[in-house]
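Chemist: Provided below for reference: sequence and predicted model.
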Amino acid sequence: QVQLVESGGGLVQAGGSLRLSCAASGFTFSSYSMGWSRQAPGREREFVASISERAFRKTYADSVKDRFTISRDNAKNMVYLQMNSLKPEDTAVYYCARGWSTSDMNYWGKGTLVTVSS
């Protein structure tokens, strides 16, 4: 079955960096776009970034553009989210998902918590 397992979350000061990882299994990873979304306390889940099957296309939410970078390694079935210049408003549970946009993301991991202190 499809499994997505996130890791790399933690506590970081504002201005710092974190790299999230997502290990995928149970499907042909290289045939699917992959993405990241996040959910802050008391807020709805929001799209963060996505990457096409062979990484030719990437898209980002305006709120993270120029600070976050999504990448993937099809040989390892991994997708990554490099987060730089973190802000307190980036605090959220970050979820890895299979799919390109929110409407077609059909599998999700359990999430990893990112906390950015001011």
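Modeler: All right, it came through fine.

Chemist: which residues sit in contact with the residue lying closest to Ala24 once chain neighbours are set aside?
Modeler: Nearest-residue entry for Ala24: Asn77, 4.7 Å, with adjacent residues in sequence omitted and distances by CB to CB, 6 or more residues apart in numbering. Every residue, glycine included, has its C-beta placed from N, CA and C. Neighbouring residues of Asn77 by CB atoms under 8 Å, 6 or more residues apart in numbering: 23-25, 29.

Chemist: Now for these: which two are most distant?
Modeler: Of all pairs drawn from the contacts of Asn77, the greatest distance, 9.8 Å, lies between Ala23 and Phe29 (CB to CB).

Chemist: which strands and helices sit next to the helix or strand harbouring Tyr94?
Modeler: The secondary structure element spanning Tyr94 is strand 92-98 (assigned by DSSP states H and E). Here strand 92-98 touches strand 3-7, strand 18-25, strand 34-39, strand 107-108, strand 112-117, going by 3 or more CB pairs under 8 Å, 6 or more residues apart in numbering; DSSP states H and E.

Chemist: Can you say which of those is nearest to Gln82?
Modeler: Ranking the helices and strands packed on strand 92-98 by distance to Gln82, with CB to CB as the measure, places strand 18-25 first at 5.1 Å.

Chemist: which residues touch the nearest residue in space to Ala23 that is not next to it in sequence?
Modeler: In space, not counting the residues next to it along the chain, Ala23 is nearest to Val5; the distance is 4.7 Å by CB to CB, 6+ apart. Contacts of Val5 were listed using CB under 8 Å, 6+ apart, and they are 22-23, 96, 109-110.

Chemist: can you pull the pLDDT of Val5?
Modeler: Per-residue confidence for Val5 comes out at a pLDDT of 98.

Chemist: if we can go back for a sec, output the contacts of Val5 as CSV; include the columns distance to Arg38 and pLDDT.
Modeler: Formatted as CSV, the contacts of Val5 follow (distance: CB to CB, whole Å; pLDDT from 0 to 100):
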residue, distance to Arg38, pLDDT
Cys22, 13, 98
Ala23, 18, 98
Cys96, 11, 97
Gly109, 12, 97
Lys110, 13, 97
